[in-house]
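Undergrad: Let me see the structure of the following:
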Amino acid sequence: DRYPAPSRAEDPLRGKPATKLRTAISIRKAGDDVEAEPRFFQADTAAHCKPTLKGEFARNVNGTGTSAGWVVTTAIRNTVRVHIRAAFDAFAEQVPFAVSGIDHDNRSEFINHDLIGWAGQREVFFTRARPDKKDD
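TA: I've put the predicted structure just below:
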């Protein structure tokens, strides 16, 4: 453990654990009024594969307007933060109005510094569902 310590100390990509990042994102509960906001969207990913996740297959990032009915789908290669961020950029450009908020589930592809920074730069309210609650 001591051998990689110097390189680990110089690594600029060392981030916070996921639990600290999760606390930086507001939790949306069932009954919140944000769903009536026409510029508020739900984000989710879908994997187009057979019963197994082995091998290469297409994935989509879906943005669905909770009130306006807009649906934007972007194909990505995998769920690394670079591809998710690019899908969010494409999503914001394709919608004909400014996005005011995006809600997502607690999956790790949405909980990272890139998307938190993306939401802050664009002044987008970024929320997540409660963990283990399917009714939200």
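Undergrad: Now do the strands in the protein.
TA: 26-28, 40-48, 58-65, 71-76, 101-104, 125-129 (DSSP state E).
Undergrad: Mind listing what's buried along the second one?
TA: Within strand 40-48, the residues that count as buried by 16 or more other Cβ atoms under 10 Å are 40-43, 45. (Each C-beta comes from the backbone N, C-alpha and C, glycine too.)
Undergrad: which secondary structure elements does that strand contact?
TA: strand 58-65, helix 81-94, strand 101-104 (3 or more Cβ pairs under 8 Å, 6 or more residues apart in numbering; DSSP states H and E).
Undergrad: let's see it at 6 Å
TA: Strand 40-48 is packed against strand 58-65, strand 101-104, with contacts defined by 3 or more Cβ pairs under 6 Å, 6 or more residues apart in numbering; DSSP states H and E.
Undergrad: For S67, state which of the buried residues of strand 40-48 is nearest.
TA: F40 (6.8 Å; Cβ to Cβ).
Undergrad: wouldn't that closest one be in contact with T66 here?
TA: Yes: with contact defined as Cβ atoms under 6 Å, F40 counts as touching T66 (5.2 Å).
Undergrad: what's the farthest-apart pair in the buried residues of strand 40-48?
TA: Going by Cβ to Cβ, the pair spanning the buried residues of strand 40-48 furthest: F40 and T45, at 18.6 Å.
Undergrad: partner residues bridging V72?
TA: Beta bridges link V72 to G63, judged by DSSP bridges.
Undergrad: List the contacts of it.
TA: The contact partners of V72, by Cβ atoms under 6 Å, 6 or more residues apart in numbering, come to 63, 91, 94.
Undergrad: So it versus R122, what's the distance?
TA: Relative to R122, V72 is positioned 15 Å away (Cβ to Cβ, to the nearest Å).
Undergrad: and if you look at F57?
TA: 30 Å.
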